[in-house]
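> following is a predicted model, sequence given first.
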Amino acid sequence: MRVLPVLLLLPSLARAELVIEDAWIKNLPPSVPVRAGYMTLTNPDARSVKIVALRGNDFSRIEIHRSAMRDGVMRMERLPELEVGAGESLRLAPGGLHLMMYPLEPTRPGETYRIGIEFGDGSIRTVEMTVRK
């Protein structure tokens, strides 16, 4: 009988995991030193989730950016973090939010890279991103 109160608490203790779908990297000619990364992030949790850093052994750095129209000119702005609200989805896609990825070697379509995503609570999750044309 004493187990029941503990079992009732378990759902509130378990944190839903961010759903990451369609993670890919846009391939560009070897002469271009940067790649763009895209994915869809869905947060089924009741609390927001912050992404504070991204890393990969095959990249010198990975930054969060957004494309935005400023004074009639499309510009890219670096963001210090990315927040996915409770119960919301966020799409990183061409022309909007995206990752700027600086590979150490040229990428090729079909290659897969492991990227570490660091969250605001200090936890890290690895996602695989595939290079596409």
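In hand now; what should we look at?
> tell me the secondary structure for I62?
Here I62 is strand, with the state taken from DSSP: H, G, I helix; E, B strand; the rest coil.
> right, and it touches I115 too?
Yes. With contact defined as CB atoms under 8 Å, I62 counts as touching I115 (6.8 Å). Quick note: C-beta positions are derived from backbone N, CA and C, even for glycine.
> who's more crowded, these two?
Neighbour count, other CB atoms under 10 Å: between I62 and I115, I115 has more, with 23 against 20.
> which one is that one nearest to, not counting chain neighbours?
With sequence-adjacent residues excluded and distances taken as CB to CB, 6 or more residues apart in numbering, I115 is closest to G56, at 4.5 Å.
> least confident secondary structure element in this protein?
helix 3-13 (a mean of 42; mean pLDDT, DSSP states H and E).
> below-threshold pLDDT in this protein: ranges please.
Residue ranges of the chain with pLDDT under 70: 1-16.
> hey, where'd the strands end up in it?
Counting by DSSP state E, the chain has strands at residues 19-26, 35-42, 49-55, 59-70, 73-79, 82-84, 89-92, 97-103, 112-119, 124-132.
> skipping its backbone neighbours, what lies nearest R108 in space?
V131 (6.3 Å).
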